[in-house]
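> dropping the sequence and predicted coords here.
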Amino acid sequence: MRSLVLTGPRRLEWQDRPAPRLSAPADALVRPIASASCDLDRWIVASPAPFEPPFALGHEAVGEVVALADGNTALTVGQRVVIPWHISCGACENCRRDLPGACASVPRLASYGTNVGGHWGGLFDDLVRVPWAGHNLTPLPPAVDPFLAASAADNLTDAFQAVRPALAAHPDADVLVVGGTASLGLLTVASAIALGAPKVTYLDTDEARRATAAALGAVVPAVSAYPDRLDGAFDLVVDASADPAGFRCALLSTRPGGTCVIRSVYFTELRLPYFALYGTGITIVTGPPHASPYVPDVLRLIGNGTLNPAPMLTGPYGYDDAIDILLEPPPAKPVFTR
């Protein structure tokens, strides 16, 4: 089969690799049919990251079930499914606590598209093996376009879950999203609005992303740099900036007793303004996105039109164009379809 492999910084190539096989009773073989480039993929491709190449790229996709081991009774061949970024068993203590991104049955952060927790293939591959498939795979409703649903495997569900718990507890929460990544901040804005947040403010230094956020319904101050703190009384702040200055701004802009959710991925140690935070008593939430428990909710909102990720997407492109597109990515999130 063909696999898209990162061999070094800004070095991508299609390679012929052995196709995966069913090897455990709960396995499925799935053919990706709509693959999205996660915002993190831009960093992985363009700059040194703590993942030693070579490894197959891609961890957001909708796929079609090609084959099933005998232990799968909830899935059918030909079914379209969302393939989550993480590998998880569904039975360990962490999975039972809805923390599949920290599954105890596999190495920490085991996933498609990197080698940090072993080699599981990438979701641009012609075929991937999905262990514990009945737990991991979420059937795609017939009315939902795979193009729109591909990033539910990671970025879109990550954005949704960044705001859902706080808004469920406090529906009138004043929300601030500190953007800076290609799509994650804007997907967070769209998710907060879909969940009924009465006011969402979006902070970003990029004019085009600010315009998109304004079109989504956010309040968008014009800034050329992240301030130390944005004036306001923000109950919920989400850092999707991937910038240390944005990280600091998010923390210091959270009102006393509020919640700051860090959704950026940082490969360096960041300074925490501890004494300033000590005076506020905020709750800081971080960690990997735990996608599979919440993908059904995201698909339901896409299906009924409440949540529309289309303004944050570009494409669809063909898989044959993946190398050129990923080496020179467009401003929005690219999606590739078969």
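Structure received.

> in the stretch 51-200 of the chain, which spans are strands?
Per DSSP state E, counting those that start in this stretch, the stretch 51-200 of the chain carries strands over the ranges 55-56, 61-68, 80-83, 128-130, 138-139, 174-178, 199-203.

> give the pairing partners of the fifth one; include direction for each.
Partner strands and pairing direction for strand 138-139 (DSSP bridges) are strand 80-83 (antiparallel).

> circling back: dump the strands of the stretch 51-200 of the chain to TSV, plus distance to residue 241.
Placement of C-beta: from N, CA and C, glycine included. Shown next, in TSV, are those (distance: least, C-beta to C-beta, whole Å):
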stretch	distance to residue 241
strand 55-56	26
strand 61-68	26
strand 80-83	27
strand 128-130	31
strand 138-139	29
strand 174-178	5
strand 199-203	8
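
> deepest of those strands, which one?
strand 174-178 (a mean of 28; mean count of other C-beta atoms under 10 Å).

> any idea which residue is closest to the centre of this protein?
By C-alpha atoms, centre = their mean, the mean C-alpha position of the chain lies nearest to residue 155, the distance being 1.9 Å.

> list the contacts for it?
By C-beta atoms under 8 Å, 6 or more residues apart in numbering, the contact set of residue 155 is 36, 38, 39, 60, 183, 184, 187, 333.

> want to throw the residues you listed into JSON lines with neighbour count, distance to residue 149 and pLDDT?
Shown next, in JSON lines, are those (neighbours: other C-beta atoms under 10 Å; distance: C-beta to C-beta, whole Å; pLDDT from 0 to 100):
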{"residue": "36", "neighbour count": "33", "distance to residue 149": "9", "pLDDT": "98"}
{"residue": "38", "neighbour count": "26", "distance to residue 149": "14", "pLDDT": "96"}
{"residue": "39", "neighbour count": "25", "distance to residue 149": "17", "pLDDT": "95"}
{"residue": "60", "neighbour count": "32", "distance to residue 149": "10", "pLDDT": "98"}
{"residue": "183", "neighbour count": "29", "distance to residue 149": "14", "pLDDT": "97"}
{"residue": "184", "neighbour count": "32", "distance to residue 149": "16", "pLDDT": "98"}
{"residue": "187", "neighbour count": "31", "distance to residue 149": "13", "pLDDT": "98"}
{"residue": "333", "neighbour count": "28", "distance to residue 149": "13", "pLDDT": "98"}
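
> tell me the one among these nearest to residue 255.
residue 184 (22.7 Å; C-beta to C-beta).

> and the gap between residue 270 and residue 287?
15 Å (C-beta to C-beta, to the nearest Å).

> next: residue 146.
28 Å.

> of the two, which one has the most company?
Set residue 146 next to residue 287 and count neighbours by other C-beta atoms under 10 Å: residue 146 wins out with 23 against 11.

> check contacts around the more buried one.
33, 34, 62, 80, 140, 337.

> does the second one count as helix, strand or coil?
Spelled out, it's residue 34. What DSSP: H, G, I helix; E, B strand; the rest coil gives for residue 34 is strand.

> contacting residues for it?
So residue 34 contacts 61, 62, 146, 147, 149, 150, 316, 335, 336, 337, 338 (C-beta under 8 Å, 6+ apart).

> what's the closest of those residues to residue 197?
Distance ranking of those against residue 197, using C-beta to C-beta, places residue 149 first at 22.6 Å.

> excluding chain neighbours, what is closest to the closest one?
In space, and not counting its chain neighbours, residue 149 is closest to residue 62: 5.2 Å by C-beta to C-beta, 6 or more residues apart in numbering.

> surely that neighbour and residue 82 touch.
Yes: Residue 62 is within contact range of residue 82, at 5.6 Å (criterion: C-beta atoms under 8 Å).

> can you check which residues contact both of the two?
With C-beta under 8 Å, 6+ apart as the test, residue 62 and residue 82 both reach 140, 149, 150, 152, 153.

> pick the one among the residues you listed closest to residue 75.
Using C-beta to C-beta, the shared contacts of residue 62 and residue 82 come closest to residue 75 at residue 140, 11.7 Å.

> how near is the closest one to residue 87?
Counting by C-beta to C-beta - residue 140 and residue 87 are separated by 20 Å.

> cool, residue 56 as well?
14 Å.

> about what we covered before: dump the shared contacts of residue 62 and residue 82 into TSV; add pLDDT, distance to residue 25 and neighbour count as well.
Listed next are the shared contacts of residue 62 and residue 82 as TSV, based on pLDDT from 0 to 100; distance: C-beta to C-beta, whole Å; neighbours: other C-beta atoms under 10 Å:
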residue	pLDDT	distance to residue 25	neighbour count
140	98	24	25
149	98	28	28
150	98	28	33
152	98	27	32
153	98	24	35
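
> tell me which of those residues fall in helices.
residue 149 (DSSP state H).

> do a quick rundown of the helices in the protein.
39-46, 93-96, 133-136, 146-149, 155-169, 184-194, 207-216, 244-252, 274-278, 295-303, 322-327.
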